[in-house]
Structures are given as structure tokens and as C-alpha cells.
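[1] Need a 3D model of the following:
(chains A and B)
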Protein chains: 2
Amino acid sequence: MEGKNFRRCLFFIFSAVLLLIFAVYNLPNQLANKPELLECTTNSPWCISKNRILGKKPNFLHQSTTALRHDHTVDVPHHPLDPLTIQEMNKVQKVIKSLYKDTVYSVHSLVLEEPDKEVVLKWKKGDDLPPRKASVIARAAGKSYIFTVDIETGEVVQQVTSHISGYPYVSLEDMQTVIWAPFSRSDFNRSVIARGVDPNNVACLPFSSGWFGKFEEGRRIVKLECFNTEGTANFYMRPIEGIIVIVDLDTDEVLEIVDKGKHIPIPKAAGTDYRLSAENSPIFKLPNPVSMEQPNGPNFVIEDEHLVKWANWEFHLKPDPRAGVMISRARVRDAETGDMRNVMYKGFSSELFVPYMDPEEAWYFKTYMDAGEYGFGLLSLALDPLNDCPRNAKYMDAIFAAADGTPYVRSNMICLFERYSGDAAWRHTETPIVDQEIREARPKVSLVARMVASLANYDYIIDWEFHADGLIHVKVSLTGIVIVKGTSYANMNQVNGEELYGTLLSENIIGVVHDHYINFYLDMDIDGIDNSFVNVHLQREYTNGKSPRMSYMKVNKEVAKTEKDAQIKLSLYNPSEFHVVNPNKKSKVGNPVGYKVVPAGTAASLLDPEDPPQKRSSFTNNQIWVTQYNKSEQWSGGLFAYQSHGDDTLQVWSDRDRPIENRDIVLWYTLGFHHVPCQEDYPIMPTVSSSFDLKPVNFFERNPVLRVAPYVEKELPVCKAAASA
Amino acid sequence: MEGKNFRRCLFFIFSAVLLLIFAVYNLPNQLANKPELLECTTNSPWCISKNRILGKKPNFLHQSTTALRHDHTVDVPHHPLDPLTIQEMNKVQKVIKSLYKDTVYSVHSLVLEEPDKEVVLKWKKGDDLPPRKASVIARAAGKSYIFTVDIETGEVVQQVTSHISGYPYVSLEDMQTVIWAPFSRSDFNRSVIARGVDPNNVACLPFSSGWFGKFEEGRRIVKLECFNTEGTANFYMRPIEGIIVIVDLDTDEVLEIVDKGKHIPIPKAAGTDYRLSAENSPIFKLPNPVSMEQPNGPNFVIEDEHLVKWANWEFHLKPDPRAGVMISRARVRDAETGDMRNVMYKGFSSELFVPYMDPEEAWYFKTYMDAGEYGFGLLSLALDPLNDCPRNAKYMDAIFAAADGTPYVRSNMICLFERYSGDAAWRHTETPIVDQEIREARPKVSLVARMVASLANYDYIIDWEFHADGLIHVKVSLTGIVIVKGTSYANMNQVNGEELYGTLLSENIIGVVHDHYINFYLDMDIDGIDNSFVNVHLQREYTNGKSPRMSYMKVNKEVAKTEKDAQIKLSLYNPSEFHVVNPNKKSKVGNPVGYKVVPAGTAASLLDPEDPPQKRSSFTNNQIWVTQYNKSEQWSGGLFAYQSHGDDTLQVWSDRDRPIENRDIVLWYTLGFHHVPCQEDYPIMPTVSSSFDLKPVNFFERNPVLRVAPYVEKELPVCKAAASA
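    Presented below is the predicted three-dimensional model:
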């Protein structure tokens, strides 16, 4: 045992040194984006990191209509909101290095410091760009630093962070090294072997510890859970239940090994693999594929890599390592006037909360905040053309920074496509009053911007869908793999009233009950910066004998004065519409122009408000919030979410109760799912979705798609089946 | 005036006689489905009936890939649930005629009397059909009759109906004649002219009166509201506000003319027309259409006109004059065993409720029950290929009966198509643990059965969508035209706190606040007839110091013993999953097999439970109900909904509180929309949708689409743009 352990240590040191050598000698390659640097070699830490950067271009990308569009090393910014280019990141990296000199440092975020709103709103194409600045979050000597670097001058402005709890999200490199820590402990290896597992078949993944008190304070820690990789690619279905290895993320020192559940067998590998290549049984294929076809290409253009123009819409689209996708300056053309009108200054997924509902030692801490703890964008990997997005999709790459500040390319992180699902934008059939038959219908075509974040086991598909009628449909879809718990039970008839905290999905596998919440930052600027939030309340009114009717539903509009007026819990029997209006701009007949947020199916957190995980993710305390715009308030779970105490959250900001009437305001929406797993989720779960809409309400004078043309046969594509082609 | 009025009467009598002559001499033509019989000749009542049967084949049908599939006069039934054929209806018509001899009668429903469930379940293809019977609802000499006709023997079995209130839905012929009644009154014509409207430009539509007390008892009445048709096809936007003509439906006698609101101008015609042909301004067209293409045709077959087989699904699909579409014997193939498994014996939209929220005289009664008052299927007109349904759709015709029992063909009433929207059925991207990259995604393809009911102004799109993972997605979409109220206001700044009961949409037009509810009958038979309803309740549980966590969410399963246990009001903060399980059949690991109903966005009625409209549509008192199966309990608003008192409703049945555990049970779901109209709904509203799912839960042993093949480039269609083709 000690021998194997020693060999592991040797190899670990060797590969660390190897990486260092690369870092020094391959800098030019890195700058030129030679992702081979990050190539996956057998047993290299990259290969078992939860979050390995996709170094090599996957083969199937070559099927894509869009391989790497060009050499990103020559990218230059065109728009004040364009993300940092490789060249800009390299300049910043030099500044960082000179800043820390010989001190060991790690970069946890390196993104554009966006100019102030007024500056961006004033800017027009052709104007010089406002000074380009980088926002950097780094750690050195056990401290977290936030600073801004002026890319031109190299000037650095530092912020103080001591006042808030928590840490920046863990870097990929943090995880890539920490997953080896358990193998340095002979007791760990012994325990694994005692369970009949060869340590060579063990993969450990880092799970954020959350914050529950003293233990999670003063140091960055992670809890590793390990899996048997033998016989399946779906190792998540083979947990080595009960072993939790707690490690210091800065020192990689093992702080504690929890070793319980020795009696729990490791679930079988058979039937867990989901890969096509591993499927022995016959594959089900519909003989005649149905495909979304657009032979002449899309109707949208992507100007300067980030400015999307489609139909009556225009918006800035960029990848972000924390949020995933950021939509900015969303504007829609008014068919009546021809003007481009402001709708949303900025929209993105601000934070997630995924609490598992098992209080036992190996599970209680599983209360993930995936954007703030891991980086929702960092975990958005290259999309699979034809299956993640339809054939008519186009793709966008991301440029992210490694822990030493080196930029790298995440190819095909976002896809953009036009959708026609066979639905009507509007239709009506009428009796022919004027001696002619009337049957009018118009096809509904929309534009979808999509990313998929793979947070280890789970996959989150985020769609921003723009409709020609002015509606923005935001859809969150869950798929991927449910994280499961090992159990000695093989059948429910063996359970004598014992609480499982989930569903027995297969022999020795429990799908633990959990929730998913995703909170969206929606800086609505309806025809200008100053907006108001109106609760359009529907309530029963009695006619008191003035009508044969006893009752009807009456509309009462209440303008929210301060932030607490806009802490909204949805209720089916106490319903409202929720409008963001511009009180300074009226329609022809005198209605304030606005948009409404339209919830669909959602879920609310049932945890106690004082429960540490709930405090940290207190953005789930309401479904709708409205705050006064504040450039620094973007991350609803806190800027430093990792091990945070909940002292820098949307709840805290909103409780300041600032005035929000006729001000620059931000709308926040929290979408939720309760997930009681079922057998159909095993070994990989069918997609489930929920959504919300941002819908124009008296924003247009009339139906903005009234003049859209119907489909006619002779204008549609001419297609042959592949076989017959 | 009297002259014009007299001419109108003369013409009406003339055309009535004309119809009679046709009816006698053209019977053979009718049987051979010569719809020219119902041809629309200028000013014939057919042309202004709210519900004119589509006599002529509309021209654009010729663009259709599916014109009339064949001569329906030769149709024969193949399945116990197949609708009555033309030949069968003709036999029944003879029986009806002989039954009433010289008495004037009208047929309000003539459909298949379905055999008992056990008989249908026993039947296998190749067996003789059980005796074919017709269920007839007729009126004669001021009475309603329900009887069953044995088609082979002609034997008639009559039911007593005296114990329940209300009347059958109005026949098309009822409406086609009654709309002329107002013009027989000189005071009506004078009043119209006084408003500056030429009676030749007036169209009156029949609105159901509802029931509010004595006035609506003892006789069938209708309330006519009239519109100025001058200058627009969208006459709904030109109400002659305040005039309500109350007419006896059996005698066409005008009972009362309410004549108020003389001061209210008739809104302008300009900008109200939605027809492409009427559009003078430039049409907006995306240059590169995106199309759902399937050049080799669909993967489904329609056996014997009604049995649909697609992927792992099989179900019986038929049009129904009251429900619209009926789905029966929905079964899914289990990929593990190859067996076809029962999911739903029967599903259809049972009733609608559309209360407007204006208590004033011309509006308070507008509380429509569209299925029971008008016939949801009777108002489902031919679909527009390419725009109502995608290019790859196939169509199904309906055979309905006219008021004299004569069958006619409603062509292209239902469309059926496979959908691919660019979404994934499941996907996962994994770090390459075993030295290979894993990125697996599968396209989501589904099968949609669609109908569209046009209830005068409103259009309801009903989609039954079957997914290969066993999910049934039921979607209701609203579009068409909002019924509006005339007002003297042209701008909100003229309104001094007066209640409008809606939104000022344009000069002199108020979109009145209203709700839409649609109730679905869902006879779930999960792997057999005897099922149970389980409330899978989620609630906060405290750990009481046994864990660093304070709280978690616990699952408690409660089996409903009786019907009242299953009267469910949804609550975001008191959530549950709602399972229909087969307690007699367990999965391998011992979970009962089941399906769950998954609500999405919905709305609840805020009317007082004792308010007459609410009593009549009391199916809106809960979102979910479960009743003991009873063949006679199908119409949740009552069999005779027209002017009903609410004595034969889902609420009444459920309050009997019958046992429902491990029994044959029926699940009912009520989907709702609150609609506060906005300017974008003018002059025709963009589609809004909501939905619910029926989702397998521990029904399959594992993910049933695990083995579905991904799309690969070389198998997809080869397409050219029309222009370049």
C-alpha cells in the first residue's frame, strides 16, 4: 500500500513540475492559443478534474458547420461591452505578475470591467471605445484581492474585500490538484480496498463544503467524494458511500477523512453507461428524421463577433466565466416608428442553489451555488452540433483565463439558431361575413441563444429566446446525471419505514430529493433608465346587488415605492401581473409603456430562512425582487459565494429598502424546481424544463407581428431524404 | 325601414324554403358529400352565422399535402371507438325521422355510444365489432331527449332528462336563424340607424345567456350583440355598444331589446383588419424561411383512419363535436419487455369557462361554457396547412351531423405531425475519466395531434404531444380576437377614476378583463383499471440538532381514500407531486408504477363559489380532481350546460365522496389563464400558451429514451432554398 501511495506522490510531484515547465517554456504557445498545452494525457490530473478545460478540439466538432471561426489571437474589441481579448488578457497577465512578483498567486476571475451605464448608452458605433479595463479577482498568500487594471496604462486600482465573508469560486487548477489529495493517505487507500475497489479505479470529485459554522471559516475547504470508475463511464452511479475526504484547498492538506457506511455495497456498473459506443442493445432510430432546415443560412447576423441582429431585435451577446451567457443592450425595433427601443440593459443567470434534502453526514453540506462556487460559464463546455443545437445553428467561442492569467479558447460555448416549431404566432378563422372566407395564420419563428453548463453530474441548458412579437422567453432545462446515494437496500420491501431521503432508483441506488433554483438578473430599461415596478393585483370584487352577477375580478395597480414593496411571493389565489413600466412615457391612448415578467411553473424553497444554506442563497426567499440599480450588486448569492455567510446577498441589499419608483431598477426572478427522482432519471435523466417570459405590455401600440407574412409552399426549402439524395 | 325589414323577412323565408327543397332533393348529393349544398351565397343566413359549417372546400386547401383523403361515404368502422360513419348516421337519421314522424325536431348531438370499457379492453383487432350504437340528443316540442339507437336493429332506448336543468348545446341551425331576429324589430333598426350605422352593415352574433335566475328558466334564450361590419373584416372591433337583443331560441321571438350607450361611438375600422389581403403597409418577411422538413414523410401511421402508431406510442384519435379531439386507449411500448402498456383510457377537453369581469348589463352574462354551450368540436374549422401546422403534417377529417341528422364532412379538422424544435431529449458532457472525451446528446422528437376551435372571436389551439420518453404534454394556446367594449374614452387622461373593467386598447375600445379555464378529462389506467391517487407531499422537516443543517424538505405520501381527499388546490408554499399509481404492480425495486400530472403556469377562479356562473363551472373550484369512474360523468360542466343551474357538475359528483383507492378512477385537470388585455392584443392577439404534463414516474425501470440514436449529418435531409432549387 505505502508503495502505491508513494508512487502516486512521486507521479503527482512529477506532473506538477511538468506543468510548471510547460507554463514557463510554452508561454508563447499559450499566447498563440495552442490548447495542446492542456491536452489530456492518461492519468494527468486534467483527465480527472471535475472541470477540465476542453484542451483538445473534440472530433465531432469537425462535423460542425462552425469549427473555430478564426484565430482569436488577433481579436480586437469593437463594442464597450465586448469581452477581453487574448491580447488584452496577456497585457493584464503581465501586470498581475509584476504585481505579485515572487509571491505565488492564482487568478480566480479575469473579465472586462464594464464601463458605467451612461458611458455605454452614449456610445455609438464609430465612436472610440471607452478606456478598456479588466476586473481581476486573485488570491495570494491566503488573501483574496479584487482589483481593476487599466489595460492601456497598466494602472491598478484595488478594492478592499475584508468586510465580506467567503471566497472566490475555486479555480479549475485548484480542483485539478486537490482531487489527488486522498491518495496521499494510506488509511483512505486501505478503506477503498477494504470495499473491494482498486484505487486505480477511484475518481474523487471536489464538492463545495458550504458554510455551517466555525469549521468552514478561516480557510478554503472542499469535501471530496469518491466513485468507482470500473466498468462504466457513468461513475456517478457507483458512489463509494460514506467516505468524505475534507481537504484544505490552499495547502491540499487532508484535514479529515470521514469513513462510514462500510456495509454499503457499491452499486453495479451494468446498465449505467449512457454512451452510444457502450450500448450493446439495439438502438432506437426513427427512419425518417425531422430536421429544422434553412438552406440559405440564418436571418441573423453576428456583427463584430458579439452584436446579434435578427428580425426586429438587436442585442449584445457574450460568454462570461461566472454567469455563462450575458445578454446586454437588448433593443427591439418598433414597426410603427422604425425606432430601436430599449428593453433590457443586461440579463444573465446570477446564481444557482441546489440543496439536497438529506441531513446525514455525507450529504447535509450538499447545497451548491454553482455560479459563485464553480463558475457557471467555466463549466459550459463545447456544444454538440446537431444534438445540442439544431443543424441551422451558429456558434460562439469564449476566451477565459487560466489560474495564472493565461487566456485560452473555449470553442462552441454558445449556439444561436432560429426556431420554427410548427406553432402559430397568431391565427384566426372567421365566418365569411363579407362573402369571403377568412382563415389567417402566421408562423412563429424565434431566435434562441443557448449554452449548457455541465456541473459535474448535472447539465443546465439555458435558452434566451427572442420572439418577433417582443417577447423574451427564458428557459432552463435540466438533464445529465442525478447524483445518487449508495444503500444496502435492493428492494423497497426491505425498507421498514426507515427514511431514505429519496427514491430507490435501482439496486443499492437512492436518488436523493433535491431542489434547483436559478436566479436571473434582469436590468430592465424600458424606453429609458427610469422605470417603476407595478403590482397589477387581481382580486374578487362584489357587486352587492348592482348586477345579476355576485362577483367579478377587479384589477388594482400598486406602484412599488421601495425595495421591500417588491419582495414578491407568488400565490395562485392572490394573483398579480408584475409590470416594469416607464412612467414617463405613455402610449397613444395614455397607457404607460412596459414589460411584464410572466412566471410559469416554479418552486419555492421550504428550508428555514435561518438555515445557513438558505441564508447564503436567500435569493430564493422570494420569486420576484426589484432593487435600485447598483453596479456592484450583480451576484445574488454574493460576490464571494464560496463558504459565504450570507452577508452579501440580494436579501441584504433589498432589505435596505431603497426607493425604486421612477428610478433605474433591476428586476430579479428566481426559477425553481423540486426534484423527487424517479426510475426514469436513471442512469441519465430526460430533460425537464421550466421558464418565464418578459412580455411587452402596452409597449407597442398594437400587435407587432400583425404584418408578418405567412408561409407559402413555393418559398419553403426543397428537400430530399439523405438516402434518396 | 319597415320596407327593408319586410324584404329581409321575405328573403329569410325564401332562403329557408330553398334550404328545405335542397334537403329533400339533394339527399343523395349530401350522402356523397357534395358540400356545395352548404355553399355560401351572398346574404344567405349561412354567410353570417357565427358558426357556418365550412361548406365549400377553401381554396388554400389545394395547397395542402392532404386534400380530402377519400370519399367518406364508403367509410366503415374498424375499431369499437371509431366515430359514426356517414352510412351509420344516415341509418340513425331514418330512425329519428320515424321516431318524430310529423313533429318538428332538431338534433343537437349524434355521436357514437361507446361500448362499455370492459368490452373495448377485451376487443382485439380481427374480432367482430361490438354492436354499434348511436347516442342522440334531440329537441322536439320544447323538450330535450337523450336516446340510444342500435344501428343494426334500429332499436331505441330513451333516457329521462327531466331531473337536470339546462339544455343541449345550441345547434348551428339555431344560431343561423336567430341572428336575423333583431332585424324584424323596427325599434332595433331605428336604434342602429340612430347610431349612424346602415343595417345592411350590421352583423348580430348569438351569445349564451347563462343562468342567473327565473328569467333564464323554462325557455332557451340567447342574447344577441351586434357589430358594424363596414370597412373591416374584424367587425369585433366595431361593437354597437349597449344594444342587447334577447331572443327565444325555439321561437326566434324577440323577448327584449336592451338599448343603452347611445352616446358611445362605434370604434373606427382603420387598423383593425388583420387579413394579408387587407394589409396596405409593407409585409415583414424573413428572407430565409426555417422549415420543419421530413422529405420521406412521417414516422407515424394512421391505421384505419383513427389508430395512430408512432415510435413507442399507440392511441386512438377521433374528432368529437363537443370535445373537439378525443384520445383513447393511449398505450406505450416498454423498451425493456416489448409490451404495450396502458397509460390512459380516454382523454379530452371536457369543458371551458370564460367569464368576463364586467358586471354591467351588456356584459355580466358573458360567462361562456364553450364546449357545453356551443360545441368545441363543431367550431373547429379546417386547418391552414403550413401555418396552422407545419409542412410535414397530415390531416384528419370529421363527420358531424346537421340539425336534421344529415351527416357532413368537416375536412382537415385535426392535424398530426412530428416535431423537432432543436431541443435535446437528454444530454451530458463529462470529463474524460477513461482517457476519452464524453459528450452525448439526443434530439427530442415528439408527435403532436392538434385542433383549433374558433369560438367566434377566440381561437383555442389544443395540442396533445406525445414524447418518446413516455411524457404526454397537453398544451392550450389562445389567439384570435379579444372581444371588446365600446367606450367614449379616447385616452386614459379623460378617465377620472371611473372603473373601465379593462384596458383602453385603442380609441373607444376597452379590452375587458376575463379568464379562460379549460378542464380536461383524463381517465388514467396505469397498467390496468384499478389505480390510486397519491399526494406526494413536500414539507419542511427540522433536524433538531442532529445535523449541521437546520432543515430539509421531506416527502410524505398520502393515498387519497375518497373523492374529497382529491379536491386539490395548488399552492407554491405547500407543494406536492400528484401521482396516479397502480398499487397492484411494482417495479423491479418495488416502487408502484405510475404517472404524475405536472401543472405548469395556471390560474384559479376568484369568483364567489355561490355566484351562478361559478356554480355552473364549478370544475374551476379546484385545479385537480379525482373521481370514481362513471361512464355517464364526462362533461364537467354538466351534460346540458346551456342555462344549467350547476346541479350536474364535477363538483356535485366529487362531493358524493365515493371511494377512489385502488379503483377505476378519472383524473381531472383545470388549466387557467387570467387575461388583462394589453395593446399588443389589438386588433388580433399573439398566441399565449400554457400546458400540463402527464409524466411517467417509476413506470419504466429506467430512462426509456436511453437507447435513442443521435442525429448524424449524413442522415439528415438534403435541402436547397426554394429560390436556388
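[2] Just give me the neighbour total for A:Ser135.
    17 (other Cβ atoms under 10 Å in any protein chain shown). Heads up, the C-betas are built off the backbone N, CA and C, glycines and all.
[3] Name the helix or strand for it, please.
    Using DSSP states H and E, A:Ser135 sits within strand A:133-140.
[4] in that strand, what counts as buried?
    For strand A:133-140, a neighbour-count test (16 or more other Cβ atoms under 10 Å in any protein chain shown) marks A:Lys133, A:Ala134, A:Ser135, A:Val136, A:Ile137, A:Ala138, A:Arg139 as buried.
[5] Only C-alpha atoms, please: export that strand in PDB.
    These are the backbone C-alpha positions of strand A:133-140, laid out as PDB (Å, rounded to 0.1, in the frame of the first residue of the first chain):
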ATOM      1  CA  LYS A 133     -10.300  47.900 -18.100                       C
ATOM      2  CA  ALA A 134     -10.100  44.400 -16.600                       C
ATOM      3  CA  SER A 135     -11.600  43.300 -13.400                       C
ATOM      4  CA  VAL A 136      -9.400  40.800 -11.600                       C
ATOM      5  CA  ILE A 137     -10.100  38.500  -8.600                       C
ATOM      6  CA  ALA A 138      -7.000  36.800  -7.400                       C
ATOM      7  CA  ARG A 139      -5.700  35.100  -4.300                       C
ATOM      8  CA  ALA A 140      -2.200  35.300  -2.900                       C
END
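[6] Report all helices and strands that that strand contacts.
    helix A:86-100, strand A:105-112, strand A:143-150 (3 or more Cβ pairs under 8 Å, 6 or more residues apart in numbering or on different chains; DSSP states H and E).
[7] Just say which of those is most tucked in.
    strand A:105-112 (a mean of 22; mean count of other Cβ atoms under 10 Å in any protein chain shown).
[8] That one: how far from the chain's middle?
    Relative to its chain's centre, strand A:105-112 lies at 19 Å (Cα atoms, centre = their mean, to the nearest Å).
[9] out of the helices and strands packed on strand A:133-140, nearest to A:Thr670?
    Counting by Cβ to Cβ, A:Thr670 lies closest to strand A:105-112 out of those; the figure is 23.5 Å.
[10] Give the buried residues for the next helix or strand after that closest one.
    Remark: after strand A:105-112, the chain's next helix or strand is helix A:117-122, criterion DSSP H and E. Under the neighbour-count criterion of 16+ other Cβ under 10 Å, helix A:117-122 has A:Lys117, A:Val120, A:Leu121 buried.
[11] re earlier: can you list the helices and strands packed on strand A:133-140 in a markdown table and add mean pLDDT and distance to chain B?
    Below are those laid out as a markdown table (pLDDT from 0 to 100; distance: least, Cβ to the nearest Cβ, whole Å):
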| stretch | mean pLDDT | distance to chain B |
| --- | --- | --- |
| helix A:86-100 | 97 | 24 |
| strand A:105-112 | 97 | 20 |
| strand A:143-150 | 95 | 24 |
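[12] could I get these as a markdown table with distance to B:Lys564?
    Shown next, in a markdown table, are those (distance: least, Cβ to Cβ, whole Å):
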| stretch | distance to B:Lys564 |
| --- | --- |
| helix A:86-100 | 65 |
| strand A:105-112 | 56 |
| strand A:143-150 | 58 |
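[13] So which of those is nearest B:Lys366?
    strand A:105-112 (55.4 Å).
[14] Tell me where chain A is predicted with low confidence.
    A:1-69, A:431-436, A:725 (pLDDT under 70).
[15] Check it for its longest strand and report it.
    Using DSSP state E, we find that the single longest strand of chain A is strand A:407-430.
[16] could you check whether that strand is close to chain B?
    Yes. Residues of strand A:407-430 contacting chain B under Cβ under 8 Å from any Cβ of the partner chain: A:417-430.
[17] From the buried residues of helix A:117-122, pick the one nearest A:Thr670.
    Checking those one by one against A:Thr670 (Cβ to Cβ), the nearest turns out to be A:Lys117, at 23.9 Å.
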